[in-house]
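Visitor: model this:
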Amino acid sequence: MSTVAIIVAAGQGLRAGGEIPKQFQRLCGKRVVEWSIDTFLRSPSIDETILVLSSDTIGPFREQYANTPLKVILGGATRTESIKAGLAAIDATTDPIVLLHDAARPGIDEACMTQLIRALSDADAAAPALIVSDALKRQTNTGLSSVDRSNLFRVQTPQAFRLSTIKSAHAANASDLVDDLAAVESAGAKVTLIPGNERYNKITYQKDFQTMSSLLGTVKSPRIGKGYDVHALGAGSYVTLCGVDIPHDSALIGHSDADVAWHALTDAILGALALGDIGDHFPPSDDKWKGADSAVFLKAAVEMAHAHGFTIGNCDLTIICEAPKVKPHREAMRKRTADITEISLDCVSVKATTTEKLGFTGRGEGIAAEAIVLLLPA
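Guide: Residues are numbered from 1 along each chain as shown. The predicted structure is shown next:
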């Protein structure tokens, strides 16, 4: 009997804060949704995994998982519509077991899947749940009133069904449901609750990231890195600084695009990770990097940070030159750096200074840059 997992990740996830939905934010080195994807793809219990996304996120994920068994499909405007889209993508001829899972619950494990599948041998639906142990109160116009917590549960996901059962239930219910058990409850289905786990909790607010990080990952200390780079000036008509082409009467000389600022920042990240320097990873002796956009180097360093369980907290860059003037281009440079490092604009500082015409930068022979970066445990 086959089992299909559907991960719903098409929502906006705005209550958690941040500039992107919570399911795409970083948690212990990878995006929240990737925790569920990886768990289902490597599980011997799961025969097919379907990821349901919105129209503005589906393209990058299809590209990322093009050579994997993951099926990436377009969802709907509501969670229920996305669930229906996922169900419609399943081959119904064998009536497989379906596990419906919220992307914002990254702690799913093999034990839970095994118990859910086993539970369906004697039930129409199954879900993990935690007994409510705290006192419950209801706010009224006159104050607070106590709520009897007997037989109350916090229901989690994945929730398990036979495909025919859940498709019929959703077809008979036109409303947007809080969870998929609600679709079968009204039809009198037999539902089994298996023991839940705090690991299966949902990320809803920003504080939940720290809680889930402590449950899923190893607590790390922040790290600080410093980078420094120099490039000579030669013939040309512009310099590239922080990914922005700035008109000038000369150009920076280097094997790549010679973006001295991003080279310094890349070295700062690598230094904080104790992974050597930019030359170790992108040697100038390799023709592969000739004329390369330095965004490639910086992105790679950011990905290394994520892989080691860190995110970029903030960065501070200082460009040292007599010319060109950096200030008119500073905001564009900050924006490009924020985009590549995947942090907010207010966490990126770009400054410029001169050496009062002293030294090689003062004589206009080259441009130097320093960068300091803070890495935070994801």
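Visitor: hey, let's count contacts and neighbours off CA atoms from now on
Guide: Will do.
Visitor: Asp134: how many residues sit nearby?
Guide: The number of residues packed near Asp134 is 7, by other Cα atoms under 10 Å.
Visitor: so what pLDDT did it get?
Guide: Listed pLDDT for Asp134 reads 89.
Visitor: next one: it from Ile312, what distance?
Guide: Distance from Asp134 to Ile312, counting by Cα to Cα, to the nearest Å: 37 Å.
Visitor: for Gly18, which three-state class applies?
Guide: Of the three states, Gly18 takes coil under DSSP: H, G, I helix; E, B strand; the rest coil.
Visitor: buried set for stretch 332-341?
Guide: Met333, Arg334, Lys335, Arg336, Thr337, Ala338, Ile340, Thr341 (16 or more other Cα atoms under 10 Å).
Visitor: stretch 258-269 too?
Guide: Ala258, Asp259, Val260, Ala261, Trp262, His263, Ala264, Leu265, Thr266, Asp267, Ala268, Ile269.
Visitor: TSV for the buried residues of stretch 332-341, including distance to Leu163, pLDDT and secondary structure?
Guide: Below are the buried residues of stretch 332-341 laid out as TSV (distance: Cα to Cα, whole Å; pLDDT from 0 to 100; DSSP: H, G, I helix; E, B strand; the rest coil):
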residue	distance to Leu163	pLDDT	secondary structure
Met333	51	97	helix
Arg334	49	97	helix
Lys335	46	96	helix
Arg336	46	96	helix
Thr337	46	97	helix
Ala338	44	95	helix
Ile340	42	95	helix
Thr341	42	94	helix
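Visitor: looking at the residues you listed, which is nearest Asp286?
Guide: Ranked by distance to Asp286 (Cα to Cα), the buried residues of stretch 332-341 are led by Ile340 at 23.5 Å.
Visitor: phi, psi for the closest residue to Pro222 other than its chain neighbours please.
Guide: Excluding the flanking residues, the one nearest Pro222 by Cα to Cα, 6 or more residues apart in numbering is Leu376, at 4.7 Å. Phi and psi for Leu376, reported as degrees, to the nearest 10, are phi -110, psi 140.
Visitor: what of Ser133?
Guide: Dihedral pair for Ser133: phi -110, psi -20, per degrees, to the nearest 10.
Visitor: surely it touches Arg149?
Guide: Yes - in this structure, Ser133 is within contact of Arg149 by Cα atoms under 8 Å, at 7.5 Å.
Visitor: which one of the two has more residues nearby?
Guide: Arg149 (14 against 11).
Visitor: with just CA atoms, put stretch 264-276 into PDB.
Guide: Extracted C-alpha coordinates of stretch 264-276, given in PDB (Å, rounded to 0.1, in the frame of the first residue of the first chain):
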ATOM      1  CA  ALA A 264      36.100  41.600   1.700                       C
ATOM      2  CA  LEU A 265      32.600  40.600   2.800                       C
ATOM      3  CA  THR A 266      33.000  37.100   1.400                       C
ATOM      4  CA  ASP A 267      36.300  36.700   3.300                       C
ATOM      5  CA  ALA A 268      34.600  38.000   6.500                       C
ATOM      6  CA  ILE A 269      32.000  35.300   6.300                       C
ATOM      7  CA  LEU A 270      34.500  32.600   5.500                       C
ATOM      8  CA  GLY A 271      36.700  33.800   8.400                       C
ATOM      9  CA  ALA A 272      33.800  33.700  10.800                       C
ATOM     10  CA  LEU A 273      33.200  30.100   9.800                       C
ATOM     11  CA  ALA A 274      37.000  29.300   9.900                       C
ATOM     12  CA  LEU A 275      36.800  28.100   6.300                       C
ATOM     13  CA  GLY A 276      39.900  29.900   4.900                       C
END
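Visitor: got the contact list for it?
Guide: Here stretch 264-276 makes contact (Cα atoms under 8 Å, 6 or more residues apart in numbering) with 223-229, 277-278, 297-298, 301-302, 305, 308, 315, 317, 369-375.
Visitor: in strands, which of those residues fall?
Guide: Among the contacts of stretch 264-276, the members found in strands (DSSP state E) are 223-229, 315, 317, 369-375.
Visitor: quick one on the thing from earlier: among the buried residues of stretch 332-341, which pair sits farthest apart?
Guide: Met333 and Thr341 (12.2 Å).
Visitor: just for the chain, where's the confidence low?
Guide: Applying pLDDT under 70 to the chain flags residues 13-14, 16, 217-220, 378.
Visitor: contact partners for Gln23?
Guide: Ala9, Gly13, Arg31, Val32, Val33, Ala103, Ala104.
Visitor: between those, which is closest to Ala119?
Guide: Ala103 (22.5 Å).
Visitor: so how many other residues sit close to the closest one?
Guide: By the other Cα under 10 Å criterion, the neighbourhood of Ala103 contains 29 residues.
Visitor: can you tell me how far it sits from Asp267?
Guide: Applying Cα to Cα, the value for Ala103 to Asp267 is 34 Å.
Visitor: need phi/psi at Ala264.
Guide: Dihedral angles (degrees, to the nearest 10) for Ala264: phi -60, psi -40.
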